[in-house]
Structure formats: C-alpha cells, structure tokens
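Q: What follows is a protein structure lacking sequence information:
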C-alpha cells in the first residue's frame, strides 16, 4: 500500500458520491463499520492501484484510528454489511452496480471491489 495515500486528499465530490451510494445500498452511517468501509474505499482510490490487499488497507485505517485492531475493523465492516436496510439495498442495487441484485456481493472484500469499480 502506498504510504503517501494518507497525505493525499480525495475530492469532496467523490466522498459525497461514496457516502450517498453506501446510503442508497442501505448501509447506516451511524455504524462504525460503514465508516470503515468508506475509509477503505477512499484509501484504495487514493492509492491508484487496481490490486490491493485488504489487510494493508486495514493497517492504514489502524494508523488513522489506533484504538482499533484489525479484527475489530473486519468485524465492524461485516456487521454493517449484514445489518443494512435490505429494502433499500434491493431497491437501489441495480442503479448503483448496473446489474441484478445479488446477496453474494455483501461480503466485505467483494463489496469493496465491486463498489470501487462503480466509483472509479
């Protein structure tokens, strides 16, 4: 992971698009896991790389939020994806991803991969 990505700034429009799309997919921003997912997406976009290791991205998040460890972040992201608003998810899925609803997408690594392709 590029160590300089924390020093770069992502455009406010892109952050707004990430936030809105996560909300449209039923994720709740009062959950820390949703915020971690958003931060993962931002870090990956800033890195400029198509290939990444989720553990490296999580380590970057730990540098920003040192009171959390890798397991806590992973569990929070998993919890946020599992406890999303299903109705919103199904309603807006095709608008965001461009293909028919699939429950299989809502696994952390898969979700982040697919979501990044919609943003970039």
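A: Right, received. Where do you want to start? Computed from a predicted model, the values in this text were never measured in an experiment.
Q: Distance check, the nearest residue in space to residue 104 that is not next to it in sequence against residue 85.
A: The shortest distance from residue 104 to any non-neighbouring residue, by CB to CB, 6 or more residues apart in numbering, is to residue 110 (7.0 Å). Heads up, the C-betas are built off the backbone N, CA and C, glycines and all. Here residue 110 is placed at a distance of 19 Å from residue 85 (CB to CB, to the nearest Å).
Q: give me every residue that touches residue 32.
A: Applying CB atoms under 8 Å, 6 or more residues apart in numbering to residue 32 gives the contacts 76, 80.
Q: Could you report the pLDDT at it?
A: Confidence at residue 32, expressed as pLDDT, is 97.
Q: Which residue ranges of this structure form helices?
A: 12-24, 32-47, 54-64, 70-82, 86-97, 108-119 (DSSP state H).
Q: Pick out the residue closest to the middle of the chain.
A: The centroid of the chain falls nearest to residue 37 when counting by CA atoms, centre = their mean (2.9 Å).
Q: Which pLDDT value does the model give the residue nearest to residue 104?
A: 95.
Q: Also residue 4?
A: 44.
Q: Now for residue 101: which residues touch it?
A: 89-90, 93-94.
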